[in-house]
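S.K.: Okay, structure incoming, though there's no sequence with it:
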């Protein structure tokens with residue numbers, strides 16, 4: 001059973017990982033469209049600054065500092081949202097941390113910690129959201145990654161956490177549907193995004209990590225998330241280049257292995273030595289979370305994804321394609337007439 005369709009301007013959204021990157025972009029865009037937004041993250045200073053900026057612009061926002069790896073703190077996010085705005089219409093589990101290095105060089109403590117945020121944080125958020133949405137309905141959006149479909153080298157635990165999140169999301173969706181609950185469950189899988197995730201990643205590499213190109217603006221993922229809030233879909237890739245990984249896995253996992261063995265190591269390293277005194281946010285928030293965009297990627301950033309737009313807005317895309325086809329047809333007719341004359 002799907003959730004009731006509510007315009008974004010009338011919704012209350014909870015967004016975790018909202019002090020930077022995709023979460024911050026989503027909160028700003030949602031608030032600009034009239035939604036009331038609850039921002040959650042560990043970085044109190046950046047979180048409160050983001051919420052205040054939204055209020056200064058005439059929007060409605062509440063900052064709730066929290067570590068999603070702690071179920072009691074996640075529960076506190078839900079309680080604060082209800083107390084401030086009276087309900088929760090959409091809950092977005094977006095918080096995540098990154099960890100680079102070969103698995104044999106990664107400590108078990110670091111692996112556990114990454115799972116606490118990336119997987120268990122989303123589990124805690126999902127359960128808190130479902131508990132509040134059972135009667136009135138709502139939408140749960142879990143932000144995974146294209147790496148939920150296909151693992152790559154140097155990010156083994158990250159890939160594992162996103163695979164686990166996809167499986168959890170799929171199971172939860174079936175169970176809620178079987179119970180007839182009016183809750184939609186969406187999985188958003190971003191491709192490479194130009195966010196501060198890479199700047200704050202823990203790494204055992206000798207070079208600064210970077211996203212695998214092509215790289216998209218975080219707004220691409222944010223727009224996808226907000227589209228799901230209004231028109232839920234089962235699963236969607238944010239950034240069409242991510243489709244190539246899934247296709248490679250479907251056609252030939254072995255050949256995709258070989259390709260990634262040859263390219264995956266180099267593409268994830270920037271060529272710049274690891275910064276002296278480099279700090280990461282695996283266990284604790286940094287002083288500054290880096291805003292929407294990171295400094296780790298210095299190449300071209302794509303602002304749109306035709307594939308994702310078509311997936312989320314099929315009718316609009318169909319009209320656009322039809323318009324292009326008509327324009328091409330008329331152009332050909334004009335050229336033919338000129339040649340005939």
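M.R.: Arrived safely. Given the structure is predicted, the values throughout are model-derived calculations rather than measurements.

S.K.: all strands for the stretch 1-150 of the chain, in order.
M.R.: Counting by DSSP state E, counting those that start in this stretch, residue ranges of the strands within the stretch 1-150 of the chain are 12-16, 36-41, 60-65, 90-93, 99-100, 138-143.

S.K.: The ones you listed into JSON lines, with extra columns for mean neighbour count?
M.R.: Every C-beta, even on glycine, is put in place using the N, C-alpha and C of the backbone. Formatted as JSON lines, the entries for those read as follows, by neighbours: other CB atoms under 10 Å:
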{"stretch": "strand 12-16", "mean neighbour count": "28"}
{"stretch": "strand 36-41", "mean neighbour count": "28"}
{"stretch": "strand 60-65", "mean neighbour count": "22"}
{"stretch": "strand 90-93", "mean neighbour count": "31"}
{"stretch": "strand 99-100", "mean neighbour count": "24"}
{"stretch": "strand 138-143", "mean neighbour count": "28"}
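
S.K.: right, and those - which one's nearest residue 125?
M.R.: The closest of the strands of the stretch 1-150 of the chain to residue 125 is strand 90-93. By CB to CB, the value is 4.2 Å.

S.K.: and the closest one, what's its mean pLDDT?
M.R.: Average pLDDT, strand 90-93: 98.

S.K.: what does that strand contact?
M.R.: Counting by CB atoms under 8 Å, 6 or more residues apart in numbering, the neighbours of strand 90-93 from elsewhere in the structure are 11-16, 23, 26, 68, 121-122, 125-126, 128-129, 133, 138-143, 225, 229.

S.K.: Hmm, residue 285 and residue 43 touching each other?
M.R.: Yes: with the criterion set as CB atoms under 8 Å, residue 43 and residue 285 qualify as a contacting pair; they are 4.1 Å apart.

S.K.: Spit out the residues that contact these two alike.
M.R.: residue 19.

S.K.: tell me the mean pLDDT for whichever strand or helix holds residue 172?
M.R.: Residue 172 is part of helix 156-178 when elements are defined by DSSP states H and E. For helix 156-178, mean pLDDT rounds to 98.

S.K.: by contact count, what packs against the following helix or strand past that helix?
M.R.: With elements assigned by DSSP H and E, the helix or strand that comes after helix 156-178 is strand 183-190. Contacts defined by 3 or more CB pairs under 8 Å, 6 or more residues apart in numbering; DSSP states H and E place strand 183-190 against strand 138-143, helix 156-178, helix 218-230, strand 235-238.

S.K.: Out of these, the one nearest residue 295 is which?
M.R.: Comparing the helices and strands packed on strand 183-190 against residue 295 with CB to CB, the closest turns out to be helix 218-230 (13.6 Å).

S.K.: packing partners for that closest one?
M.R.: helix 21-32, strand 90-93, strand 138-143, strand 183-190, strand 235-238, helix 306-312.

S.K.: tell me the most buried of these?
M.R.: Per residue and on average, the most neighbours among the helices and strands packed on helix 218-230 fall to strand 90-93, with a mean of 31 (mean count of other CB atoms under 10 Å).

S.K.: Sheet-wise, list the partners of that one with their directions.
M.R.: Using DSSP bridges, the strands paired with strand 90-93 in its sheet are strand 12-16 (parallel), strand 138-143 (parallel).

S.K.: chain center to the first one, what's the gap?
M.R.: The offset between the C-alpha centroid of strand 12-16 and the centroid of the whole chain comes to 13 Å, using CA atoms, centre = their mean, to the nearest Å.

S.K.: quick check: angle from that strand to helix 218-230?
M.R.: 140 degrees (axes from the mean of the first three to the mean of the last three CA atoms, to 10 degrees).

S.K.: tell me the angle strand 12-16 makes with helix 21-32.
M.R.: Here strand 12-16 runs at 160 degrees with respect to helix 21-32, directions being taken by the same axes, to 10 degrees.

S.K.: Show residues contacting strand 12-16.
M.R.: Taking CB under 8 Å, 6+ apart as the rule, strand 12-16 contacts 23, 26-27, 30, 35-41, 66, 68, 77-78, 81, 85-95, 121, 125, 129, 229.

S.K.: That strand - what's its average pLDDT?
M.R.: According to the model, strand 12-16 has a mean pLDDT of 98.

S.K.: what residue is smack in the middle of the chain?
M.R.: Most central residue of the chain, judged by C-alpha distance to the mean C-alpha position with CA atoms, centre = their mean, is residue 143 at 4.3 Å.

S.K.: which residues does that one contact?
M.R.: Contact partners of residue 143, counting by CB under 8 Å, 6+ apart, are 17, 22, 92-94, 96, 122, 188, 190, 221, 225.

S.K.: shaky segments in the stretch 151-300 of the chain?
M.R.: Flagging of the stretch 151-300 of the chain using pLDDT under 70 yields an empty set of residue ranges.

S.K.: Look at residue 282 and say how many residues are nearby.
M.R.: 18 (other CB atoms under 10 Å).

S.K.: my guess is it is in a helix, correct?
M.R.: No: going by DSSP: H, G, I helix; E, B strand; the rest coil, the assignment for residue 282 is coil, not a helix.

S.K.: Cool, thanks, talk later.
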